[in-house]
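# Give me the fold of what follows.
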Amino acid sequence: MPTLVLVRHGKTEWSGQNRFAGWADAPLSTGGRAEARAAGRALATAGLGFDLCCTSYLSRAAETLAIMLAVMGEEALPVERTWRLNERHYGALQGQNRAKMALQYGNAQVAQWRRSFTAEPPALAEGDPRLPAADPLYAEVEPQLLPRSESLQQAAARVAPWWHESLAPRLRQGQKVLVAAHTSSIRGLVRELEGLDGEAAAAFRIATAVPLVYRLDADLGVIGREALAGGWGGRLRQFLNKHKPGTRISWV
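Down below sits the predicted model:
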């Protein structure tokens with residue numbers, strides 16, 4: 001039976017500083033590493049085995065995956081990394097404090113950039129050192145594909161080719177795949193998998209380091225969906241993530 005498990009990376013040092021991360025390589029915090037270990041234990045307890053693991057070019061997702069695999073004793077599993085699984089690019093907001101951006105642009109505007117499916121944050125200017133085209137990590141990616149900013153819609157469109165060309169074919173072969181990525185890239189995968197419209201895709205949320213398990217039929221129809229919240233910490237994160245408001249900047 002094809003199985004897809006989606007895991008959002010653990011908390012980062014930047015999340016504790018209330019900063020927009022995007023494509024910046026914000027490292028996991030001590031708490032984020034603990035969350036990743038708990039996710040690994042939840043996967044091990046569930047008895048889930050995998051044929052392949054996939055993650056982004058960003059270290060917070062890759063480290064979350066490595067920690068989970070170590071806890072599961074599955075360090076030898078093949079890992080595929082792709083820039084298409086990166087978080088959405090926050091443009092000129094990247095690296096900035098969210099509360100300061102709310103003061104500068106207004107809370108409603110920043111909340112719209114965060115939650116609207118189509119709203120795009122201000123783009124990075126030509127020559128900005130934060131541009132992905134200036135990062136050797138993306139030297140093999142065609143420059144015109146690298147964003148200066150992304151809406152949720154654009155981030156989902158970036159993920160879609162990888163879903164169709166790489167992930168979906170493997171799932172149709174009956175493989176079990178573990179993906180450690182980011183809210184927006186996971187949102188893009190779920191949009192393809194569940195056929196979500198823009199509004200439903202924008203409303204989709206996933207708590208940090210709480211594995212979301214999809215059991216699929218041969219045509220990739222969803223047979224079952226389950227969040228492995230594990231201990232009290234995972235259940236609390238899942239509850240807060242589900243019930244946090246979408247218009248207050250302290251929560252976005």
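# Surely R225 forms part of a strand?
Yes - assigned with DSSP: H, G, I helix; E, B strand; the rest coil, R225 falls within a strand.
# Correct me if wrong: it contacts I206.
No - contact between R225 and I206 fails when scored by CB atoms under 8 Å: they sit 11.5 Å apart. From N, CA and C alone the C-beta is placed, and that goes for glycine too.
# contacting residues around stretch 23-36?
Applying CB atoms under 8 Å, 6 or more residues apart in numbering, the set of residues contacting stretch 23-36 from outside is 9-16, 19, 58-60, 63-64, 67-68, 71, 86-87, 89-90, 94-95, 130, 132, 208-209, 233-234, 237.
# Now a ChimeraX select for only the buried ones of the residues you listed.
Typed into ChimeraX, the line below selects the buried ones among the contacts of stretch 23-36, using 16 or more other CB atoms under 10 Å:
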select :9,10,11,12,13,14,15,19,58,59,60,63,64,67,68,71,86,87,89,90,94,130,132,208,209,234,237
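# who touches both of R225 and I206?
Applying CB under 8 Å, 6+ apart, one finds that R225 and I206 are jointly contacted by L212.
# In terms of neighbours, single out the busier of those two.
Set side by side, R225 and I206 show unequal neighbour counts under other CB atoms under 10 Å, the larger going to I206 at 22 against 14.
# how close does the nearest residue to that one once chain neighbours are set aside get to A123?
Distances taken as CB to CB, 6 or more residues apart in numbering place R8 nearest to I206, at 4.8 Å, with adjacent residues excluded. According to CB to CB, to the nearest Å, R8 stands 25 Å off from A123.
# Equivalent analysis for A21, please.
17 Å.
# Same check on G91?
Distance from G91 to A123, by CB to CB: 5 Å.
# so what sits against both of the two?
Residues touching both G91 and A123 (CB under 8 Å, 6+ apart): R148, S149.
# So which of these two has more stuff around it?
G91 (23 against 15).
# Phi and psi next, for that one.
Dihedral pair for G91: phi 60, psi -130, per degrees, to the nearest 10.
# Excluding sequence neighbours, find me the nearest residue to it.
The spatially closest residue to G91, leaving aside those adjacent along the chain, is S149, at 2.8 Å (CB to CB, 6+ apart).
# same thing with V159?
Distance criterion CB to CB, 6+ apart; nearest residue to V159, sequence neighbours excluded, is G188 at 3.2 Å.
# can you check L220 too?
Closest residue in space to L220, ignoring its immediate chain neighbours: L171 at 5.8 Å, by CB to CB, 6+ apart.
# Tell me the secondary structure at the one you found.
helix.
# what about it, neighbour count?
Other residues within reach of L171 by the criterion other CB under 10 Å amount to 20.
# doesn't R215 make contact with it?
No - because the distance of 10.9 Å does not satisfy CB under 8 Å, L171 is recorded as not touching R215.
# Show me the common contact partners of those two, please.
Common neighbours of L171 and R215 (CB under 8 Å, 6+ apart) are P2.
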